[in-house]
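Peer 1: Got a sequence here, can you model it:
(chains A, B, C and D)
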Number of protein chains: 2
Amino acid sequence: MARLKEFNEEDALDKAIEIFWSKGYNGTSAQDLVTHLGLSRSSLYDTFGDKHSLFIKALQRYQKKSYDDIAGLLQKSTNIKETIKEMFAQAILESFEDKITKGCFMVNSTVELAIHDAEIEKVVNDNRLKMEEVFFLAVKRGQELNQISSATDPRLLARFIFNNYSGIRVLARSTGTPKQVFDDVLKVLLSVL
Amino acid sequence: MARLKEFNEEDALDKAIEIFWSKGYNGTSAQDLVTHLGLSRSSLYDTFGDKHSLFIKALQRYQKKSYDDIAGLLQKSTNIKETIKEMFAQAILESFEDKITKGCFMVNSTVELAIHDAEIEKVVNDNRLKMEEVFFLAVKRGQELNQISSATDPRLLARFIFNNYSGIRVLARSTGTPKQVFDDVLKVLLSVL
DNA sequence: TTAATTTCAGAATGAACGTTCCAATTTAAT
DNA sequence: ATTAAATTGGAACGTTCATTCTGAAATTAA
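Peer 2: Take a look at the predicted model:
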């Protein structure tokens, strides 16, 4: 009965992830969104509601994508320690690619918004719990397979891995950090497993 | 010959650190600064120039204070590993205090601004290098004193410690993170030293 | 072809933004 | 006392902000 949308909603959300990831919530203006998403103000507001709603949707989509990515890799892995190494190596490499997105959108949002925005805090905490769980199960399996040292409780190792993941995502937000720094951190991290 | 300032410039800077630390650069308005610093717009702008200049001054002051704090502790320490443990334990405890400042102002600024602001990036990189150096010297001494395992190059351990420090500062920006999570990370970290 | 419905581009909105200005006030040396 | 310089509170500035509105264009079932 009515005119069709000229854009794909998921593609637009991916664009929103990009620009929020790059500039943060407060650093991204409505005009930035219009420009980067390539749609008009009216379409933007009709489709996604206000800026805050759009941000939440973008962050939730990012959470699901990055979680599924990591969970997928670890679940199908036959060499857990090697997979963890590749995961980190990948995150490190990505931070040296020439994209506007550096670091991690979830880490950025945690730092910028979690203490002031209950809705964001919930997404952030859910993410931490899910990531911890997927690392926990992976480490536990790695220990059973004798690929990871059983000297330390897998719960602790899971939290430790997540912490180092956050750490390198912070380092990645500064262009000046040499790759060797990341590699050194990863090397020590792996020596614990 | 002229009227005297009614406020202390360093106290005002400390207040600026607080509010920028809590709300970020883009999240802090000129009105926020006026309210939190307790001085008028004219005094604020006459004394510190514009918002960006004030932010840089605040961040540099924070850098010096936090660096001096950590460097002081490590340099006078007779038990390096124990001092590192106390340092982290202190950072963890502070994140559970009822203050508006959570996490680390330097980490926050890295995440929010480093890729878009060359001046901030310089402060951030200088800080990383200085922190790495102070950790490096401490670890080296700790190894010489047989307080820290010599299995790993002190440079790598320094970078690793800094990375975990950043990580827990991110975790600290989310009120929902249970203390046990921090404690577990610290436990694994110490097991490497 | 018509009618119903939605999207679209861009103008318009009022509020909030960072910054500047101004007149009054305070100080201390003359 | 007068003068010169600096600080002060608060009004005022133009700009940008997020959001809403308007009216034309587009679509498709009837």
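
Peer 1: touching chain B at all, the longest helix anywhere in chain A?
Peer 2: Among the segments of chain A that qualify as a helix by DSSP state H, the longest is helix A:118-144. Yes - Helix A:118-144 comes into contact with chain B when judged by Cβ under 8 Å from any Cβ of the partner chain, the residues involved being A:121, A:124-125, A:128, A:132. (Each C-beta comes from the backbone N, C-alpha and C, glycine too.)

Peer 1: host element of residue A:18?
Peer 2: For residue A:18, the host element (DSSP states H and E) is helix A:9-23.

Peer 1: Just the buried residues of that helix, please?
Peer 2: Judged by neighbour count using 16 or more other Cβ atoms under 10 Å in any protein chain shown, the buried positions of helix A:9-23 are A:12-13, A:15-23.

Peer 1: Include pLDDT and distance to residue A:70 when you put those residues into a markdown table, please.
Peer 2: Formatted as a markdown table, the entries for these read as follows, by pLDDT from 0 to 100; distance: Cβ to Cβ, whole Å:
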| residue | pLDDT | distance to residue A:70 |
| --- | --- | --- |
| A:12 | 92 | 25 |
| A:13 | 95 | 20 |
| A:15 | 95 | 23 |
| A:16 | 96 | 22 |
| A:17 | 97 | 17 |
| A:18 | 96 | 20 |
| A:19 | 97 | 23 |
| A:20 | 98 | 21 |
| A:21 | 98 | 17 |
| A:22 | 97 | 22 |
| A:23 | 97 | 25 |
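
Peer 1: so which of those residues comes closest to DNA strand D?
Peer 2: The shortest approach to DNA strand D among the buried residues of helix A:9-23 belongs to residue A:23, at 9.9 Å (Cβ to the nearest atom of the strand).

Peer 1: doesn't residue B:116 make contact with the closest one?
Peer 2: Yes - the pair residue A:23 and residue B:116 passes the contact test of Cβ atoms under 8 Å, sitting 7.1 Å apart.

Peer 1: rewinding a little: who wins for most neighbours among the residues of helix A:118-144 next to chain B?
Peer 2: residue A:124 (27 neighbours; other Cβ atoms under 10 Å in any protein chain shown).

Peer 1: Enumerate every residue touching that one.
Peer 2: Taking Cβ atoms under 8 Å, 6 or more residues apart in numbering or on different chains as the criterion, residue A:124 is in contact with A:106, A:109-110, A:114, B:174, B:176.

Peer 1: Swap in 10 Å and give it another go.
Peer 2: Shown here is residue A:124, whose contacts under the criterion Cβ atoms under 10 Å, 6 or more residues apart in numbering or on different chains are A:59, A:63, A:106-107, A:109-111, A:113-114, A:117, B:170-171, B:173-177.

Peer 1: just residue A:32 next, same as before
Peer 2: If you count contacts by Cβ under 10 Å, 6+ apart, residue A:32 has them with A:16, A:19-20, A:22-23.

Peer 1: before we move on, the earlier item: near DNA strand C, from the contacts of residue A:124?
Peer 2: The overlap between these and the neighbourhood of DNA strand C (criterion: Cβ under 7 Å from any atom of the strand) is empty.

Peer 1: buried subset of the residues you listed?
Peer 2: When burial is judged by neighbour count using 16+ other Cβ under 10 Å, the buried members of those are A:59, A:63, A:106-107, A:109-111, A:113-114, A:117, B:170-171, B:173-174, B:177.

Peer 1: Once you drop chain neighbours, what's closest to residue A:107?
Peer 2: Residue nearest to residue A:107 in three dimensions, not counting chain neighbours: residue A:169, with 4.5 Å by Cβ to Cβ, 6 or more residues apart in numbering or on different chains.

Peer 1: got it, and residue A:17?
Peer 2: Closest residue to residue A:17 in three dimensions, ignoring its sequence neighbours and counting by Cβ to Cβ, 6+ apart: residue A:58, at 4.6 Å.
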